[in-house]
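S.K.: give me a 3D structure for the following:
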Amino acid sequence: MAAQGSNVSPELQEAREKFGKAFLRWREMNGLSQQDLHNFSADLKVSCHNSQFAYLERGLLEPKSSFWMGLAELNKELSNGGEGRG
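M.R.: Residues are numbered from 1 along each chain as shown. Take a look at the predicted model:
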């Protein structure tokens, strides 16, 4: 899950850190905690966990495709006002 100790190019690591900071700003601007995102993901039966969000925000996550698919589904539901939330 975490990129610590992996052989990541400096460019990729910089991109991860920038994306993580942008995600953190988005989350905070929308008044959401990592736990809020985790709970919403669980309601949607999407596999995104608060620990993954923490690693993502610090630029340390080596996400699998399932994380990106889950994040896309979460984003879609949030943009629709959470209509799909059980």
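
S.K.: please make it C-alpha for all contacts and neighbour counts, starting now.
M.R.: Fine.

S.K.: measure Leu61 to Asn80 for me?
M.R.: Remark: distance between Leu61 and Asn80 (CA to CA, to the nearest Å) = 27 Å.

S.K.: quick one: contacts for the residue nearest the centre of the chain?
M.R.: The chain has Phe53 as the residue nearest its centroid, 4.3 Å off, counting by CA atoms, centre = their mean. Residues in contact with Phe53, defined by CA atoms under 8 Å, 6 or more residues apart in numbering, are Gln34.

S.K.: contacts only, for the spatially closest residue to Leu37 that is not a sequence neighbour.
M.R.: In space, and not counting its chain neighbours, Leu37 is closest to Asn50: 7.0 Å by CA to CA, 6 or more residues apart in numbering. By CA under 8 Å, 6+ apart, the residues touching Asn50 are 34-35, 37-38.

S.K.: any of these buried? List them.
M.R.: 34, 37-38 (16 or more other CA atoms under 10 Å).

S.K.: quickly find the element holding the residue located most distally from the centre of the chain.
M.R.: Here the chain reaches farthest from its C-alpha mean at Asn7, the gap being 21.7 Å by CA atoms, centre = their mean. With elements taken from DSSP states H and E, nothing contains Asn7; it lies in neither a helix nor a strand.
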